[in-house]
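In: turn this into a structure:
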Amino acid sequence: MRKDTSSNKKQTRRGNRKEDRENFGFYIGIDLGDRNSDVCVLDQSGERSREFRLRMNEADFHACFAKIPRSRVAIEVGGQSRWVAEVIEKCGHEVYVSNTRKVPYIHQSDDKNDPGDACKLAELLYFKPRLLHPVRHRSREAQADLSWIRAREVLVESRTQLINAVRGISKA
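Out: Numbering: from 1, shown residues only. This next block holds a predicted model:
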C-alpha cells in the first residue's frame, strides 16, 4: 500500500517557509536610481515597516545595512546593481538581483513609480522570491575578460572599416 505523502510535503514546505521567515529581520525592496534609490521595508509579517530614499554611494548603503539584522534584499538589475549587491552582501544580508523585465507585476504595471516598484520588489521577495527571476552577476574576473573581448571586437571592426575606406579612396 502506498502512503500519501503530499500533505506531509506541503506541511514541510510551509514549515520551512515559516522557519525561513524567522531567519530574516526584514524583506527589503530597492529601486535603484542614478542619484537616489527608493527603499521599501517589510517586517517579518509582510507589513510595510518603512519607506525612504537612500543616496547612491557605498558609504550610505553600508551605513544603512550594517546596522540592521540579517535580511533579504531585492534590487533591480542594472549598471549599479553589482556594487550595491556586493555592499549589502558584505553586511551579511541575502541579496536577490531581479530581472524586472521578466516580472509583469513590475514591468507591465499601470502605476509605475520608483517607490511603488521598491514595494513590489519587497512584496515578491516576501511571498515568492523566484518570481523575481533572479540573475547572478558575472565574477569581476569574467567581467574584465569580457571587456577585453569587446574592446578587441571594436578595434578589429574599426580597423576593417578604415582599411575598406582607404581601399575605396585609392580605387576612385
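In: C-alpha from now on. contacts and neighbour counts both.
Out: Will do.
In: buried set for the longest helix along the chain?
Out: Longest helix in the chain, counting residues (DSSP state H): helix 140-171. When burial is assessed from 16 or more other C-alpha atoms under 10 Å, helix 140-171 yields no buried residues.
In: cool, and stretch 58-68?
Out: Neighbour counts over stretch 58-68 (16+ other C-alpha under 10 Å) mark 61-62, 65-66 as buried.
In: now stretch 70-87
Out: 70-77, 81-82, 84-85, 87.
In: what about it, distance to the chain center?
Out: 5 Å (C-alpha atoms, centre = their mean, to the nearest Å).
In: shaky segments in this protein?
Out: Low-confidence segments of the chain (pLDDT under 70): 1-22, 102-111, 113, 133-135, 137-140, 142-143, 145, 170-172.
In: ok now the longest helix of the chain, how far from the chain's centre?
Out: 32 Å.
In: other SSEs contacting it?
Out: Using 3 or more C-alpha pairs under 8 Å, 6 or more residues apart in numbering; DSSP states H and E, no helix or strand is in contact with helix 140-171.
In: the chain: helices as residue ranges?
Out: Here the chain has its helices, by DSSP H, at 6-22, 58-66, 81-90, 104-107, 114-127, 140-171.
In: report the beta-bridge partner residues of the spatially most central residue of the chain.
Out: Taking C-alpha atoms, centre = their mean, the centroid of the chain lies closest to V97, which sits 1.9 Å from it. Beta bridges link V97 to I75, V135, judged by DSSP bridges.
In: for A74, see how far away it is.
Out: For V97, the distance to A74 (C-alpha to C-alpha, to the nearest Å) stands at 6 Å.
In: likewise for A85?
Out: Distance from A85 to A74, counting by C-alpha to C-alpha: 9 Å.
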